[in-house]
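In: with the sequence up front, the predicted model follows.
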Number of protein chains: 2
Amino acid sequence: MSDQPATPRRRGAARTNALLQVTLDLATEVGYTGLTIEAVARRAGVGKHTIYRRWPSKAALLLDALSRVWTTDLDYHDTGDVRADLREQFLRSAPALASPPIGPVYRGLIAEAQSDPALRATLHERFLLTVEKRTLDRITRAQHAGELVAGVDLEFAAEVLCGTLYYRHLLSTRPVDEDAVDNLLDMFMAAYSIAR
Amino acid sequence: MSDQPATPRRRGAARTNALLQVTLDLATEVGYTGLTIEAVARRAGVGKHTIYRRWPSKAALLLDALSRVWTTDLDYHDTGDVRADLREQFLRSAPALASPPIGPVYRGLIAEAQSDPALRATLHERFLLTVEKRTLDRITRAQHAGELVAGVDLEFAAEVLCGTLYYRHLLSTRPVDEDAVDNLLDMFMAAYSIAR
């Protein structure tokens, strides 16, 4: 790929990437509330109408900036031990979701979504539902492997696992730490493990 | 009480109540973001410094306005059937927490708390923790009555019950309806019921 000529499309993608990086850097510096499209345009050296043509709002711009750094590091492992794999992923993703570059921007979008149902739907579809679906995939594999009881619909269980940790992160003063994750997995395994 | 003379203290309490009602009415009309202390002062017919003397911010004023209407209707019943009592309370409180006068103001404060850790701590202490503690009381009584397994610390279970429903309300497009509550209680009872 690196030997290909810089076609207009590739130059466009590079410009978009640079702009999204500026957005994320600036959001990390000044916070979601303090960020303006004007300031992003100034730092990126483009006109603000260039940004508005493609992103109708600050939230839309930040959604794309967030997607770019939302890494596949948040994927589950599959070692054959569902409890260990959930534990590892929850403890790995908790700091990633709480710290820059993802943390403050994500929290700001979640706040903005409280007064904007369309943004809430987009945020749910692009981020939260993705996390729930990956969780559901992992626990469904455990069900097929005979680790979890058969014949139970686990979709809501995936929502409970993710929802409890998001609730703690967003609405309490308590950390998403080993104790919280172990307590949550105790309940999950008590409900669904074949060894309960 | 109604025969007592209108002492300065009682007149003060009546003025506070009237001001908090104006705050709530106005917040319901214009939304959390659109609300200003100036507008509250104008409608209540007081100087804005009268408000600022007692409430340093819009959030502080709204916290007190919300406390006033946060009804004891959100308490659990105790019919001796823990699943039925949790179900009844969740389905009764879900619309109360989603509709005026509580819903939009509560959602606005939760949004504001995302960029204000001190407000998040206050909100957690005054509202969310109260809900969790009442839930813990009800399920602990069920444990003592022999409905739930003994020797298990249920504090985290109370957080899971509340957290899952808050997550759905705040971060998804899905309603807190009978299906959601039944699924959540299926998991809770599978984990902790002596009859599992």
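Out: It's in.
In: so which residue is smack in the middle of chain A?
Out: In chain A, the centroid-proximal residue (CA atoms, centre = their mean) is residue A:127; its distance is 4.7 Å.
In: domains for chain A, by residue range?
Out: Listed by automatic domain parsing, the domain ranges of chain A are A:8-68, A:72-192.
In: just the pLDDT at residue A:170, thanks.
Out: For residue A:170, the pLDDT comes out at 97.
In: wait, is it part of a strand?
Out: No. Judged by DSSP: H, G, I helix; E, B strand; the rest coil, residue A:170 forms no part of a strand; its state is helix.
In: and it, what does it touch?
Out: Residue A:170 makes contact with A:107, A:110, B:110, B:114, B:170 under the criterion CB atoms under 8 Å, 6 or more residues apart in numbering or on different chains. Where C-beta positions appear, they are placed from N, C-alpha and C, glycine not excepted.
In: what does residue A:18 give?
Out: residue A:44.
In: could I get the buried residue list for whichever strand or helix holds it?
Out: Per DSSP states H and E, residue A:18 falls inside helix A:8-34. In terms of neighbour count (16 or more other CB atoms under 10 Å in any protein chain shown), helix A:8-34 has its buried residues at A:19-20, A:22-24, A:26-28, A:32.
In: now do stretch A:96-103
Out: Neighbour counts over stretch A:96-103 (16+ other CB under 10 Å) mark A:96-97, A:101-102 as buried.
In: on that earlier part again, leaving out sequence neighbours, find the closest residue to the residue nearest to the centre of chain A.
Out: residue A:70 (6.9 Å; CB to CB, 6 or more residues apart in numbering or on different chains).
In: so the one you found touches residue A:102, yeah?
Out: Yes. If you go by CB atoms under 8 Å, residue A:70 and residue A:102 touch, sitting 6.7 Å apart.
In: now do the strands in chain A.
Out: With strands called from DSSP state E, chain A shows none.
In: show me where it has helices.
Out: Along chain A, counting by DSSP state H, helices occupy A:8-34, A:37-44, A:48-54, A:58-69, A:82-98, A:102-113, A:117-123, A:129-144, A:155-171, A:178-192.
In: what's the pLDDT at residue A:32?
Out: pLDDT, read off for residue A:32, is 89.
In: check the gap between residue A:48 and residue A:58 for me.
Out: Note on residue A:48: its distance to residue A:58, by CB to CB, to the nearest Å, is 11 Å.
In: of the two, who's got more company?
Out: Shown here are residue A:48 and residue A:58; by other CB atoms under 10 Å in any protein chain shown, residue A:58 has more neighbours (20 against 15).
In: farthest pair in the buried residues of stretch A:96-103?
Out: A:97 and A:101 (11.0 Å; CB to CB).
In: residues in contact with both of the two, list them for me.
Out: Shared contacts of residue A:97 and residue A:101, defined by CB under 8 Å, 6+ apart, are absent.
In: ok, residue A:37 - contacts?
Out: A:48, A:51-52, A:55, A:58, A:61.
In: ok, it to residue A:20 distance?
Out: Noted for residue A:37: a distance of 13 Å to residue A:20, by CB to CB.
In: same check, this time on residue A:146
Out: 44 Å.
In: sorry, back to before: in TSV, list the contacts of residue A:37 along with pLDDT and distance to residue B:82.
Out: Shown next, in TSV, are the contacts of residue A:37 (pLDDT from 0 to 100; distance: CB to CB, whole Å):
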residue	pLDDT	distance to residue B:82
A:48	95	57
A:51	97	54
A:52	97	54
A:55	96	49
A:58	94	46
A:61	96	48
